[in-house]
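Trainee: Quick one: sequence and predicted model below, then my questions.
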Amino acid sequence: MATVVAFHAHPDDEVLMTGGTLAYAASEGHRVIVVTATDGNIGETTGEESVRMLELRASCAALGVHQVVHLGYADSGREEPMLPDPPGRIRFARADTEEAAEQLAKILRAERADVLLSYDANGGYGHRDHVKVHEVGRNASARASVALLLEATLPREPIVRALRLASRLGLCPRETAEAFRGAYTPRAAITHRVDTRRASRRRQAALAAHHSQVHGTGRLAPLMRFALRLPVAVFGLLLGREWYVEPGAAPAYGLRSSIFAEPLR
């Protein structure tokens, strides 16, 4: 059995970007670990885990994840200019890339990780913490000599079309749809597509665990609520794929390419 480490920026990213892959890996007997750079908290901490970290742990339990690790950074937010660092913590986007990468590399070495899941070069939709995950993930993978680095993404073209439809249906603001025109990865550059349909029930349960985000006022909250209302079979039909870019590998979008197609060891 292999060890799969998924490195994410914030609580809820684990299910939105890689939830099906993680659930599938766990169900196949692989050891699965989620590392989050931030706890999703913009402000000061109280000495207790944030609500979003508690939601992350519940989500990971639904997916079958074996361990959750927080690197200790604060959420960088989307404000311009970036907010000052909260007392005693550094916002992840300001963190020294080498230091953050060594923190992650220590985990990868200790766990003897076979696979690292990170983010594509755009950081998905461009959030500064997501771009930092890409930079830190690449660096840490090299430091720890991980056999397989896969950078989570979405095929840009169908996502833009889907968001434009969602905008017309009132499920997301028009500016959100337009902002994605340069996000994620052109489908011609994608190397791996993972069929996650059989993990749909667990993915919905994991998504529902992020109550503060599903029922909040964020840009994607209406889409999250819509996804949770879907019958499991329809959820799988619409959202039953996850995509990755393997740096240096030949693109293979459209093939039934999976990190589980061959033994990981």
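Mentor: In hand now; what should we look at?
Trainee: thought residue 120 was touching residue 186?
Mentor: No - with contacts counted by C-beta atoms under 8 Å, residue 120 stays clear of residue 186, the gap being 10.5 Å. Every residue, glycine included, has its C-beta placed from N, CA and C.
Trainee: which of those two has more neighbours?
Mentor: When residue 120 and residue 186 are compared for neighbours, residue 120 comes out ahead with 26 against 12, by other C-beta atoms under 10 Å.
Trainee: how close does that one sit to residue 40?
Mentor: Applying C-beta to C-beta, to the nearest Å, the value for residue 120 to residue 40 is 21 Å.
Trainee: cool, and residue 22?
Mentor: Noted for residue 22: a distance of 18 Å to residue 40, by C-beta to C-beta.
Trainee: Report the contact partners of residue 77.
Mentor: Taking C-beta atoms under 8 Å, 6 or more residues apart in numbering, we find residue 77 in contact with 42, 83, 91.
Trainee: Wait, a helix at it?
Mentor: No - counting by DSSP: H, G, I helix; E, B strand; the rest coil, one finds residue 77 to be coil, located in no helix.
Trainee: where's it relative to residue 181, distance?
Mentor: Distance from residue 77 to residue 181, by C-beta to C-beta: 23 Å.
Trainee: Residue 154 now?
Mentor: Relative to residue 181, residue 154 is positioned 13 Å away (C-beta to C-beta).
Trainee: higher neighbour count, these two?
Mentor: residue 154 (23 against 12).
Trainee: quick one: the nearest residue to residue 187 once chain neighbours are set aside and residue 112, what's the gap?
Mentor: Of all residues not flanking residue 187 in the chain, residue 155 sits nearest, at 3.6 Å (C-beta to C-beta, 6 or more residues apart in numbering). Residue 155 sits 32 Å away from residue 112, going by C-beta to C-beta.
Trainee: And those two? Which one has more around it.
Mentor: A direct count of neighbours by other C-beta under 10 Å for residue 155 and residue 112 places residue 155 higher, at 19 against 11.
Trainee: Which residues are in contact with the more buried one?
Mentor: Residue 155 makes contacts with 184, 185, 186, 187, 190, 243, 253, as judged by C-beta under 8 Å, 6+ apart.
Trainee: pLDDT score for it?
Mentor: At residue 155, the pLDDT value in this model is 92.
Trainee: Can you tell me what sits against stretch 220-233?
Mentor: Contacts of stretch 220-233 (C-beta under 8 Å, 6+ apart): 166, 170-172, 176, 200-201, 204, 207-208, 210, 213-215, 235, 238-239.
Trainee: And the buried ones among those, selectable in PyMOL?
Mentor: Those of the contacts of stretch 220-233 that count as buried under 16 or more other C-beta atoms under 10 Å are selected in PyMOL with:
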select buried, resi 166+171+172+176+200+204+207+208+210+213+214+235+239
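Trainee: Any chance of the backbone angles for residue 219?
Mentor: As for residue 219, its main-chain torsions (degrees, to the nearest 10) stand at phi -60, psi -30.
Trainee: More neighbours: which of residue 22 and residue 40?
Mentor: More crowded of residue 22 and residue 40, by other C-beta under 10 Å: residue 22, with 30 against 23.
Trainee: is it true that the more buried one touches residue 6?
Mentor: Yes - with contacts counted by C-beta under 8 Å, residue 22 reaches residue 6, the gap being 5.9 Å.
Trainee: which neighbours do those two share?
Mentor: Common neighbours of residue 22 and residue 6 (C-beta under 8 Å, 6+ apart) are 14, 32, 34.
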